[in-house]
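[1] Give me the fold of what follows.
(one chain, ligands or ions: 1)
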Amino acid sequence: MNLLRSKNLRRGTLLAVLLTLTGAGIRLAVRRSAEMMPDAVPVSAQHSEAPVIVLDAGHGGIDGGCSTADGVPEKGINLSILLGLRDLLRMSGYEVQVTRDTDRSIHDKGIEGIANQKSSDMDNRLAILNAPEHAVCISVHQNQFTDPQYSGAQMFFSDTNAQSESLAQIMQSQFQAMLQPTNSREIKRCGKELFLCYYCKHPMVMAECGFLSNPEEAALLVTEEYQQKVAFTIYAALQQWLAANPSVQ
Ligand SMILES: [Zn+2]
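    Numbering: from 1, shown residues only. Just a heads-up that it's a prediction; the model follows:
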């Protein structure tokens with residue numbers, strides 16, 4: 001019921017109802033709610049300056065990323081969240097591009113060796129993020145730490161685009177409001193170590209959606225239902241940010 005108290009949600013009651021539904025139900029309900037809320041959904045086709053939304057699912061192929069205690073890798077969770085988010089955005093009229101929509105690395109053909117493939121993969125992801133003239137970029141990841149007690153989403157951003165911090169803040173607040181009421185994490189500024197965040201020229205956030213090293217959070221993150229709730233949380237945050245930032249730098 002924390003949803004009902006959120007000032008961030010203009011239609012908190014409706015969203016609270018939506019979040020009680022299953023993933024498929026959420027998609028249907030979002031489409032219906034979009035019809036009821038013509039002011040809330042910018043349609044990119046009607047607005048030449050509307051940004052492309054570029055989504056990146058972290059890892060893929062031989063690179064599984066981090067994993068749960070019983071071996072479920074991050075890469076598939078990231079992809080499921082990305083595909084749900086992509087569908088929600090496309091239903092709302094946005095142009096959406098993704099770095100991958102299957103379980104694979106996107107390195108150039110003919111590259112030998114895992115390190116070289118990873119380097120090529122990251123270069124190609126960055127090229128996809130930076131290709132549009134106007135874009136907003138989200139990279140989806142899961143976190144891991146040696147101490148299993150830590151949990152909760154955390155957003156990372158770089159100062160290399162001045163609009164990224166506010167995007168990260170809205171997204172962090174939306175996770176707290178809609179999914180994780182006890183999450184007191186703060187957004188974190190990154191450097192070159194987060195390659196995509198740092199070198200992306202558009203507003204960009206890397207969303208660490210939760211900790212696979214925390215047993216309770218991992219048990220949620222491996223379910224399709226929770227993955228769709230995460231997708232909807234990011235979708236709601238993007239909508240809110242875009243309403244406040246009609247032109248992106
Ligand atoms: Zn990752």
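
[2] use CA for all of it now, contacts and neighbours both
    OK.

[3] Does Leu83 lie in a helix or a strand, and which?
    Using DSSP states H and E, Leu83 sits in helix 74-91.

[4] next structured bit after that helix?
    Helix 74-91 is succeeded, C-terminally, by strand 96-98 (DSSP H and E).

[5] which other helices and strands contact that next one?
    If you count contacts as 3 or more Cα pairs under 8 Å, 6 or more residues apart in numbering; DSSP states H and E, strand 96-98 packs onto strand 52-57, helix 74-91.

[6] Walk me through which strands it pairs with, and which way each runs.
    Its sheet considered, strand 96-98 pairs with strand 52-57 (parallel) by DSSP bridges.

[7] which residues touch the partner strand?
    75, 78-79, 82, 86, 94-100, 125, 128-129, 132, 134-141 (Cα atoms under 8 Å, 6 or more residues apart in numbering).

[8] and the residues you listed near the ion, which?
    The subset of the contacts of strand 52-57 within reach of the ion, by Cα under 5 Å from the ion, is His141.

[9] Output the helices and strands packed on strand 96-98 as JSON lines; include the columns mean pLDDT.
    Putting the helices and strands packed on strand 96-98 into JSON lines (pLDDT from 0 to 100) gives the following:
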{"stretch": "strand 52-57", "mean pLDDT": "98"}
{"stretch": "helix 74-91", "mean pLDDT": "98"}
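
[10] Pull the number of nearby residues for Thr146.
    Look at Thr146: counted by other Cα atoms under 10 Å, it has 8 neighbours.

[11] correction: Ser158
    Other residues lying near Ser158 total 26 when counted by other Cα under 10 Å.
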